[in-house]
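Chemist: have a look at this prediction, sequence included:
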Amino acid sequence: MIEFKQVSKVYPNGTVGLDHIHLKINKGEFVVIVGLSGAGKSTLLRSINRLHEITEGEILIDGKSITKAKGSELLRIRRDIGMIFQSFNLVKRSSVIRNVLSGRVGYHSTLRSILGLFPKRDVDLAFDALERVNIREKAYVRADQLSGGQQQRVSIARALAQEPKVILADEPVASLDPLTTQQVMDDLKRINQELGITTVVNLHFVDLARQYATRIIGLRAGAVVFDGPVSEATDEVFSEIYGRPIKKDELLGAVEA
Ligand code: ADP
(Lines give C-alpha, C1' and ligand atoms only; values in the text may rest on other atoms or scores of the structure.)
Protein backbone atom coordinates (compact mmCIF):
# COMPACT_ATOMS: atom_id res chain seq x y z
CA MET A 1 0.00 0.00 0.00
CA ILE A 2 2.90 2.36 0.80
CA GLU A 3 6.33 1.80 -0.68
CA PHE A 4 9.48 3.84 -0.02
CA LYS A 5 12.17 3.30 -2.64
CA GLN A 6 15.54 4.60 -1.44
CA VAL A 7 13.98 7.80 -0.13
CA SER A 8 16.11 10.61 1.24
CA LYS A 9 15.20 14.12 2.32
CA VAL A 10 17.72 16.87 2.88
CA TYR A 11 16.28 20.17 4.13
CA PRO A 12 17.48 23.35 2.37
CA ASN A 13 19.75 24.11 5.36
CA GLY A 14 21.54 20.78 4.87
CA THR A 15 19.83 18.84 7.71
CA VAL A 16 19.24 15.22 6.75
CA GLY A 17 15.58 14.41 7.50
CA LEU A 18 15.47 10.97 5.88
CA ASP A 19 18.44 8.81 4.98
CA HIS A 20 17.84 6.14 2.30
CA ILE A 21 14.52 4.74 3.55
CA HIS A 22 13.52 1.54 1.80
CA LEU A 23 10.36 -0.13 3.09
CA LYS A 24 6.95 -1.50 2.22
CA ILE A 25 3.85 -1.12 4.36
CA ASN A 26 1.13 -3.61 3.46
CA LYS A 27 -2.61 -3.13 3.27
CA GLY A 28 -4.29 -3.26 6.68
CA GLU A 29 -1.12 -2.93 8.77
CA PHE A 30 -1.07 -0.77 11.93
CA VAL A 31 2.45 0.60 11.94
CA VAL A 32 3.86 2.74 14.73
CA ILE A 33 6.95 4.84 14.01
CA VAL A 34 9.09 5.47 17.08
CA GLY A 35 12.24 7.43 17.73
CA LEU A 36 13.56 10.36 19.72
CA SER A 37 12.47 13.88 18.93
CA GLY A 38 14.31 14.89 15.76
CA ALA A 39 14.71 11.29 14.51
CA GLY A 40 12.67 12.02 11.37
CA LYS A 41 9.24 10.57 12.28
CA SER A 42 7.29 13.61 11.15
CA THR A 43 9.37 14.03 7.99
CA LEU A 44 8.72 10.38 7.09
CA LEU A 45 4.97 10.60 7.68
CA ARG A 46 4.56 13.91 5.87
CA SER A 47 6.54 12.74 2.87
CA ILE A 48 3.91 10.01 2.32
CA ASN A 49 1.27 12.56 1.24
CA ARG A 50 3.82 15.10 -0.01
CA LEU A 51 3.28 17.64 2.73
CA HIS A 52 7.08 17.42 2.57
CA GLU A 53 8.88 16.95 -0.74
CA ILE A 54 11.60 14.31 -0.77
CA THR A 55 14.92 15.05 -2.43
CA GLU A 56 15.78 11.52 -3.62
CA GLY A 57 13.96 8.28 -4.37
CA GLU A 58 10.28 7.58 -4.90
CA ILE A 59 7.16 6.87 -2.86
CA LEU A 60 4.33 4.71 -4.23
CA ILE A 61 0.80 4.66 -2.83
CA ASP A 62 -1.20 1.60 -3.87
CA GLY A 63 1.21 1.17 -6.78
CA LYS A 64 1.02 4.80 -7.98
CA SER A 65 3.93 7.21 -7.68
CA ILE A 66 2.91 10.20 -5.55
CA THR A 67 6.42 11.55 -6.09
CA LYS A 68 5.87 11.93 -9.83
CA ALA A 69 2.14 12.78 -9.74
CA LYS A 70 0.98 16.23 -10.79
CA GLY A 71 -2.30 18.18 -10.86
CA SER A 72 -5.47 16.12 -10.74
CA GLU A 73 -3.58 12.84 -10.36
CA LEU A 74 -1.84 14.16 -7.24
CA LEU A 75 -5.22 15.27 -5.84
CA ARG A 76 -6.68 11.82 -6.52
CA ILE A 77 -3.83 10.06 -4.70
CA ARG A 78 -4.04 12.53 -1.80
CA ARG A 79 -7.76 11.85 -1.50
CA ASP A 80 -6.87 8.27 -0.55
CA ILE A 81 -4.76 9.48 2.39
CA GLY A 82 -6.41 10.83 5.56
CA MET A 83 -4.22 12.85 7.91
CA ILE A 84 -4.54 13.36 11.66
CA PHE A 85 -2.46 16.01 13.42
CA GLN A 86 -1.39 16.53 17.04
CA SER A 87 -3.21 19.88 17.09
CA PHE A 88 -6.39 18.51 15.38
CA ASN A 89 -6.39 21.22 12.64
CA LEU A 90 -10.15 21.82 12.82
CA VAL A 91 -11.95 24.97 11.75
CA LYS A 92 -12.71 25.95 15.33
CA ARG A 93 -15.69 28.23 14.68
CA SER A 94 -17.42 25.76 12.36
CA SER A 95 -19.76 22.99 13.47
CA VAL A 96 -18.52 19.44 13.88
CA ILE A 97 -20.48 18.20 10.85
CA ARG A 98 -19.03 20.99 8.62
CA ASN A 99 -15.55 20.00 9.70
CA VAL A 100 -16.24 16.36 8.89
CA LEU A 101 -17.80 17.26 5.53
CA SER A 102 -14.61 19.12 4.63
CA GLY A 103 -13.11 15.63 4.26
CA ARG A 104 -15.23 15.39 1.09
CA VAL A 105 -13.85 18.46 -0.69
CA GLY A 106 -11.42 16.38 -2.75
CA TYR A 107 -14.40 14.84 -4.52
CA HIS A 108 -16.06 18.07 -5.67
CA SER A 109 -15.42 21.35 -7.44
CA THR A 110 -14.07 24.19 -5.31
CA LEU A 111 -17.22 26.26 -5.83
CA ARG A 112 -19.51 23.49 -4.68
CA SER A 113 -17.37 23.01 -1.57
CA ILE A 114 -17.27 26.74 -0.76
CA LEU A 115 -21.04 26.94 -1.02
CA GLY A 116 -21.29 23.87 1.18
CA LEU A 117 -23.47 22.04 -1.35
CA PHE A 118 -22.68 18.50 -0.41
CA PRO A 119 -24.81 15.66 -1.82
CA LYS A 120 -26.89 13.58 0.57
CA ARG A 121 -24.46 10.66 0.24
CA ASP A 122 -21.69 12.88 1.64
CA VAL A 123 -23.84 13.98 4.56
CA ASP A 124 -24.69 10.33 5.29
CA LEU A 125 -21.00 9.43 5.10
CA ALA A 126 -20.15 12.26 7.51
CA PHE A 127 -22.76 11.11 10.05
CA ASP A 128 -21.57 7.50 9.72
CA ALA A 129 -18.01 8.66 10.41
CA LEU A 130 -19.15 10.53 13.54
CA GLU A 131 -21.05 7.43 14.63
CA ARG A 132 -17.89 5.35 14.30
CA VAL A 133 -16.07 7.58 16.78
CA ASN A 134 -19.12 7.86 19.04
CA ILE A 135 -19.81 11.58 18.80
CA ARG A 136 -22.75 11.73 16.40
CA GLU A 137 -24.72 13.74 18.97
CA LYS A 138 -22.14 16.55 18.72
CA ALA A 139 -22.75 17.12 14.98
CA TYR A 140 -24.15 20.64 15.34
CA VAL A 141 -21.88 21.80 18.16
CA ARG A 142 -19.09 24.25 17.33
CA ALA A 143 -15.73 22.44 17.18
CA ASP A 144 -14.13 24.70 19.78
CA GLN A 145 -16.80 23.76 22.34
CA LEU A 146 -15.46 20.19 22.48
CA SER A 147 -12.76 18.67 24.69
CA GLY A 148 -9.38 17.80 23.16
CA GLY A 149 -10.26 14.12 22.89
CA GLN A 150 -13.57 14.92 21.19
CA GLN A 151 -11.82 17.30 18.76
CA GLN A 152 -9.34 14.57 17.85
CA ARG A 153 -12.29 12.25 17.20
CA VAL A 154 -13.79 14.86 14.86
CA SER A 155 -10.52 14.92 12.97
CA ILE A 156 -10.58 11.11 12.75
CA ALA A 157 -14.15 11.34 11.41
CA ARG A 158 -13.02 13.95 8.85
CA ALA A 159 -10.29 11.57 7.68
CA LEU A 160 -12.83 8.73 7.48
CA ALA A 161 -15.23 10.86 5.43
CA GLN A 162 -12.51 10.92 2.77
CA GLU A 163 -13.01 7.14 2.39
CA PRO A 164 -9.23 6.78 2.59
CA LYS A 165 -7.05 3.74 1.92
CA VAL A 166 -4.42 5.08 4.31
CA ILE A 167 -4.60 7.04 7.56
CA LEU A 168 -1.51 8.92 8.76
CA ALA A 169 -1.47 10.19 12.33
CA ASP A 170 1.35 12.52 13.42
CA GLU A 171 1.62 12.34 17.23
CA PRO A 172 -2.19 12.15 17.52
CA VAL A 173 -2.27 11.85 21.31
CA ALA A 174 0.60 14.13 22.32
CA SER A 175 -1.81 16.84 23.55
CA LEU A 176 -4.19 14.48 25.37
CA ASP A 177 -4.42 13.13 28.94
CA PRO A 178 -3.76 9.40 29.54
CA LEU A 179 -7.44 8.30 29.59
CA THR A 180 -8.31 10.21 26.40
CA THR A 181 -5.11 8.91 24.82
CA GLN A 182 -6.33 5.32 25.24
CA GLN A 183 -9.75 6.20 23.81
CA VAL A 184 -8.33 7.89 20.72
CA MET A 185 -5.83 5.06 20.13
CA ASP A 186 -8.68 2.55 20.59
CA ASP A 187 -10.68 4.41 17.93
CA LEU A 188 -7.78 4.32 15.48
CA LYS A 189 -7.19 0.63 16.12
CA ARG A 190 -10.87 -0.29 15.80
CA ILE A 191 -11.16 1.60 12.51
CA ASN A 192 -8.03 -0.13 11.23
CA GLN A 193 -9.48 -3.54 12.12
CA GLU A 194 -13.08 -2.94 11.00
CA LEU A 195 -12.37 -1.11 7.75
CA GLY A 196 -8.92 -2.50 6.94
CA ILE A 197 -7.50 1.01 6.47
CA THR A 198 -3.70 0.95 6.51
CA THR A 199 -2.63 3.10 9.47
CA VAL A 200 0.72 4.72 10.21
CA VAL A 201 1.10 6.51 13.55
CA ASN A 202 4.01 8.49 14.99
CA LEU A 203 4.30 8.02 18.74
CA HIS A 204 6.95 8.71 21.31
CA PHE A 205 5.42 6.53 24.02
CA VAL A 206 7.16 3.16 24.24
CA ASP A 207 4.26 1.45 26.01
CA LEU A 208 1.61 2.77 23.58
CA ALA A 209 3.65 1.67 20.60
CA ARG A 210 3.80 -1.86 22.01
CA GLN A 211 0.13 -1.89 22.97
CA TYR A 212 -1.32 -0.89 19.58
CA ALA A 213 1.14 -1.62 16.79
CA THR A 214 1.26 -4.73 14.65
CA ARG A 215 4.65 -3.56 13.42
CA ILE A 216 7.13 -1.09 14.88
CA ILE A 217 9.57 0.93 12.81
CA GLY A 218 12.36 2.62 14.75
CA LEU A 219 14.06 5.69 13.33
CA ARG A 220 17.34 7.24 14.35
CA ALA A 221 18.96 10.15 12.52
CA GLY A 222 16.57 9.69 9.59
CA ALA A 223 17.40 6.01 9.07
CA VAL A 224 15.44 2.85 9.88
CA VAL A 225 17.25 1.10 12.75
CA PHE A 226 14.49 -1.39 13.62
CA ASP A 227 11.60 -2.85 11.66
CA GLY A 228 9.68 -5.77 13.08
CA PRO A 229 6.68 -7.12 14.97
CA VAL A 230 5.89 -5.94 18.50
CA SER A 231 7.07 -9.29 19.89
CA GLU A 232 10.61 -8.43 18.76
CA ALA A 233 10.55 -4.84 20.06
CA THR A 234 12.21 -5.64 23.38
CA ASP A 235 13.62 -3.11 25.86
CA GLU A 236 17.05 -3.74 24.30
CA VAL A 237 15.67 -2.85 20.87
CA PHE A 238 14.21 0.39 22.23
CA SER A 239 17.57 1.22 23.85
CA GLU A 240 19.11 0.74 20.43
CA ILE A 241 16.54 3.01 18.76
CA TYR A 242 16.93 5.73 21.41
CA GLY A 243 20.68 5.36 21.57
CA ARG A 244 20.68 4.84 25.35
CA PRO A 245 19.20 2.48 27.95
CA ILE A 246 15.47 2.78 28.60
CA LYS A 247 14.74 3.19 32.31
CA LYS A 248 11.87 1.22 33.81
CA ASP A 249 9.79 4.30 34.63
CA GLU A 250 10.08 5.52 31.04
CA LEU A 251 8.08 2.52 29.88
CA LEU A 252 5.04 4.10 31.51
CA GLY A 253 5.57 7.50 29.99
CA ALA A 254 7.15 9.56 27.28
CA VAL A 255 10.74 9.19 26.25
CA GLU A 256 12.12 12.60 25.49
CA ALA A 257 15.34 13.48 23.74
P1 ADP B 1 10.61 13.94 14.64
O2 ADP B 1 9.26 13.99 14.03
O3 ADP B 1 11.12 12.54 14.84
O4 ADP B 1 10.73 14.77 15.88
P5 ADP B 1 11.40 15.58 12.38
O6 ADP B 1 10.99 14.79 11.19
O7 ADP B 1 10.52 16.70 12.81
O8 ADP B 1 11.65 14.57 13.58
O9 ADP B 1 12.85 16.18 12.12
C10 ADP B 1 13.93 15.42 11.58
C11 ADP B 1 15.16 16.31 11.44
O12 ADP B 1 14.89 17.30 10.45
C13 ADP B 1 15.50 17.07 12.72
O14 ADP B 1 16.90 17.20 12.78
C15 ADP B 1 14.86 18.43 12.51
O16 ADP B 1 15.54 19.43 13.23
C17 ADP B 1 15.00 18.61 11.01
N18 ADP B 1 13.96 19.45 10.41
C19 ADP B 1 12.62 19.28 10.48
N20 ADP B 1 11.97 20.24 9.80
C21 ADP B 1 12.94 21.05 9.28
C22 ADP B 1 12.93 22.22 8.44
N23 ADP B 1 11.79 22.75 8.01
N24 ADP B 1 14.12 22.75 8.11
C25 ADP B 1 15.29 22.21 8.53
N26 ADP B 1 15.37 21.11 9.28
C27 ADP B 1 14.21 20.52 9.65
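Modeler: Looks like it came in fine. Numbering: from 1, shown residues only.

Chemist: how about low-confidence regions in the stretch 151-257 of the chain?
Modeler: For the stretch 151-257 of the chain, the stretches with pLDDT under 70 are 246-257.

Chemist: show me where it has helices.
Modeler: 178-195, 206-212, 235-242 (DSSP state H, counting those that start in this stretch).

Chemist: ranking those helices by burial, who's on top?
Modeler: Most buried of the helices of the stretch 151-257 of the chain by mean neighbour count (mean count of other CB atoms under 10 Å) is helix 206-212; its value is a mean of 19. C-beta: built from backbone N, CA, C; applies to glycine.

Chemist: other SSEs contacting it?
Modeler: Using 3 or more CB pairs under 8 Å, 6 or more residues apart in numbering; DSSP states H and E, the elements in contact with helix 206-212 are strand 30-34, helix 178-195.

Chemist: picking that back up, okay if I get the helices of the stretch 151-257 of the chain as CSV plus distance to the ligand?
Modeler: Formatted as CSV, the helices of the stretch 151-257 of the chain follow (distance: least, CB to the nearest ligand atom, whole Å):
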stretch, distance to the ligand
helix 178-195, 18
helix 206-212, 13
helix 235-242, 11
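
Chemist: number of nearby residues for the nearest residue to Asn89 once chain neighbours are set aside?
Modeler: In space, and not counting its chain neighbours, Asn89 is closest to Ser155: 6.5 Å by CB to CB, 6 or more residues apart in numbering. Number of residues near Ser155 (other CB atoms under 10 Å) recorded here: 25.

Chemist: ok, now Ser102?
Modeler: 19.

Chemist: surely it meets Val91?
Modeler: Yes. The criterion here is CB atoms under 8 Å, and Ser102 meets it with Val91 at 7.2 Å.

Chemist: from the ligand, how far off is Ser47?
Modeler: 9 Å (CB to the nearest ligand atom, to the nearest Å).
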